[in-house]
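Trainee: Need coordinates for the below:
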Amino acid sequence: HQILEPFMLRRQVGDVERKLPAKIDVTLKSSLTTYQSAIYNWVQKTSALRIDPSVPYKGRHHNRAYVSINNKAMELRKTCNHPHLVYPPHELHITESIIRKCGKMMMLDRILVKLKRTG
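Mentor: Below you'll find the predicted structure:
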């Protein structure tokens, strides 16, 4: 790493543009939607993902309508980010439902509307 450091170009915003105000980090906490909560609880309880969520769960050895997961923490994290990362829709349509199924997206949608209004 030290050998390559003189050859690497790393530009930081503060070095390039000195007129920008200092960056302020704001942490916003959002709650999970009902859909996200259901998936989160399911993954936490069973350590499995349903291949087709419309098929009822019949236990580990009765039906192969599920897939065991290797990394439970990562699946829970993906569920918190957006439920379509865990259960992608069969056909992706960019509609209002993408926003309404995720707590983070709902909050971002409200914030962007307020920011656009204030300029």
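
Trainee: Low-confidence ranges, the chain, go.
Mentor: By pLDDT under 70, the weakly predicted segments of the chain are 1, 13-14, 52-65.

Trainee: please redo it, this time with the cut-off set to 90
Mentor: Applying pLDDT under 90 to the chain flags residues 1-24, 26, 35, 39, 42-43, 46-70, 82-101, 119.

Trainee: Any idea which residue is closest to the centre of it?
Mentor: What sits nearest the mean C-alpha location of the chain, by C-alpha atoms, centre = their mean, is residue 81, with 1.6 Å.

Trainee: give the contact list for that residue.
Mentor: 102, 104 (C-beta atoms under 8 Å, 6 or more residues apart in numbering). To be clear about C-beta, it is placed using only N, CA and C from the backbone, and glycine gets the same treatment.

Trainee: rerun at 10 Å
Mentor: Residue 81 is in contact with 36, 102, 104, 105, counting by C-beta atoms under 10 Å, 6 or more residues apart in numbering.

Trainee: From the residues you listed, list just the buried residues.
Mentor: The neighbour-count test (16 or more other C-beta atoms under 10 Å) applied to the contacts of residue 81 identifies 36, 102, 104, 105 as buried.
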